[in-house]
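build me a model:
(chains A and B)
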Amino acid sequence: MHDHPLDLIAALADGSLSDEAEARALVESCPECREEYRIQTEVIGWLAATPTAEMTDLEKAALHRDLWTELRSQPGKSPSTPWWQRLAYVAAGLFVTVGLVSVLNNGALNGGGGFAADTTAGGSLDAHTEEAPFVAQGSDDGESAPEMTTETTAAATATTAAAGAGGEESFALPFAELAEEARANQADRALTEGTDRDVEACLARVALDEHVVVDEIELDQVYLLVMPEDPEAEPIVTFVVLPRCEIVYVG
Amino acid sequence: MTVPGKEAELLTRVVSGDRDAFDAVMRNHEDRVFSVCLRILGDREKALDATQETFLTVFRKAGQFQGRSAVGTWIYRIAVNTCYDQLRRAQRRPSESLPDHVDPSDPSAEAAIESAALRPEIEAALAELPPDFRNAVVLSDLEGLSLPEAAEILGVPIGTVKSRVFRGRRLLAKQLGNQIDQ
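All right, here's what the predicted structure looks like:
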């Protein structure tokens, strides 16, 4: 073939040219171009005659069923958090960290001021906490926060870094429907293993079912850093400890 | 036809945990995703797997959609990449190709396979094309996407897609020879 613009011939064949005059003139004046045009239109014709491949209704039903089964089996894998939400998490994490460090510096370790209370039936964190407890400030709505260890402060810092590093590793509640199903299935199940499904049930139990778990910190126990799912909501951070499913900090 | 802005809004709702929104996204695109996967992979069962994997990825990456392209284009790009991955895995673990699996409990499956089938000689010729050419031809000539759409999905310049489609067609014609007219 000569130096003829082959893409022009191809474009003429598939009808994507807005002005076909030049291409048509080329095809008429050049036998090789004409042959190329014939080949291209012929193949396009063969392919275009093929009906669109479709799934059957049963295949579609199976696809949806299998997809949701897969999502249920990995409830921690939620849509990755958008940058603005991650930014909010970072800001909130910094806020928490700074607040906790401030409390520490102000002598909370000496037992001064603040508060310590449980929002659930549970008591203090554990013996580890009792060795070096401090008292954190509560949220505006008066919800209380019990003791936090210095390790938990470090964990909050780690959480801030994790949130800033990207949402891929975080995990969140699955869709409301799945959470509802999990609650129905597991309402009576003892929270002893701290599995993802237990997390759902736990959050529902402490009225945090419209929240997402931003990070999970494993220390002496598993601490979940939880924030409102709604990006418009006030970015209140809540720590929940597993497996006892107790809110240990709100701020 | 789905309005692009509405589609992006659906994805935003997916990120905030709206299952109905995700179902709507799936309904809008599952047929084409399946069709693209079937043409690229040439196997119904693998195409169904790839379709599922595509939508799992769509779900998990919904928060990363930045609205630079249409939602459909973004989803089909995920589908094509998923198929690439499957092909790569298959190359590493070569196995005998199996005939299209038919669910015995699905009476419409046979008919669907038949209606979606390319003429065997075309299917064989398509399967012989280098993957880059095959994907360009599938998106452009079988799925009827525009060249800019195909370019965005494949992540290459429009000129590259044009060239691949053109050369893909020539290879198809060459491989098919005259048998197609018989």
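
dump the residue contacts of the residue nearest the centre of chain B.
Chain B has B:Val36 as the residue nearest its centroid, 2.1 Å off, counting by C-alpha atoms, centre = their mean. The neighbours of B:Val36, taking C-beta atoms under 8 Å, 6 or more residues apart in numbering or on different chains as the test, are B:Tyr76, B:Ala79, B:Val80, B:Cys83, B:Val138, B:Leu139, B:Glu143. All C-beta spots, glycine's among them, are computed from the backbone N, C-alpha and C.

and with 7 Å instead?
B:Tyr76, B:Ala79, B:Val80, B:Val138, B:Leu139, B:Glu143 (C-beta atoms under 7 Å, 6 or more residues apart in numbering or on different chains).

do the same with A:Asp230
By C-beta under 7 Å, 6+ apart, the contact set of A:Asp230 is A:Glu210.

please apply the same query to A:Leu203.
So A:Leu203 contacts A:Leu173, A:Asp209, A:His211, A:Val226, A:Val240 (C-beta under 7 Å, 6+ apart).

dump those residues into a markdown table; add neighbour count and secondary structure as well.
Below are the contacts of A:Leu203 laid out as a markdown table (neighbours: other C-beta atoms under 10 Å in any protein chain shown; DSSP: H, G, I helix; E, B strand; the rest coil):
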| residue | neighbour count | secondary structure |
| --- | --- | --- |
| A:Leu173 | 25 | coil |
| A:Asp209 | 18 | coil |
| A:His211 | 22 | strand |
| A:Val226 | 26 | strand |
| A:Val240 | 26 | strand |
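
least confident of these?
Lowest in pLDDT among the contacts of A:Leu203 is A:Leu173, which has 39.

any regions of the stretch 101-250 of chain A where pLDDT drops low?
A:101-197, A:218-221, A:231-232, A:235 (pLDDT under 70).

quick check, A:Leu224 in a strand?
Yes: under DSSP: H, G, I helix; E, B strand; the rest coil, A:Leu224 falls within a strand.

shouldn't it be in contact with A:Glu216?
Yes: the pair A:Leu224 / A:Glu216 is scored as a contact, 5.6 Å apart, by C-beta atoms under 7 Å.

what about the two, which has more around it?
Comparing A:Leu224 with A:Glu216 by other C-beta atoms under 10 Å in any protein chain shown, the one with more neighbours is A:Leu224, at 25 against 20.

show me what that one is bridged to.
A:Glu216, A:Val240 (DSSP bridges).

from A:Leu203, how far out is it?
8 Å (C-beta to C-beta, to the nearest Å).

identify the contacts common to these two.
Common neighbours of A:Leu224 and A:Leu203 (criterion: C-beta under 7 Å, 6+ apart): A:Val240.

quick check: what element follows the worst-scoring helix or strand of chain B on mean pLDDT along the chain?
Taking mean pLDDT, DSSP states H and E as the measure, chain B has helix B:109-116 as its least confident helix or strand, at a mean of 56. Using DSSP states H and E, the helix or strand that follows helix B:109-116 in sequence is helix B:120-128.

who are the packing partners of that next one?
helix B:158-176 (3 or more C-beta pairs under 7 Å, 6 or more residues apart in numbering or on different chains; DSSP states H and E).

hmm, which of the contacts of B:Val36 is lowest in pLDDT?
B:Glu143 (87).

and the spatially closest residue to it that is not a sequence neighbour, what pLDDT?
Using C-beta to C-beta, 6 or more residues apart in numbering or on different chains and skipping residues adjacent in sequence, the residue nearest B:Glu143 is B:Val36, 5.9 Å away. Per-residue pLDDT puts B:Val36 at 92.
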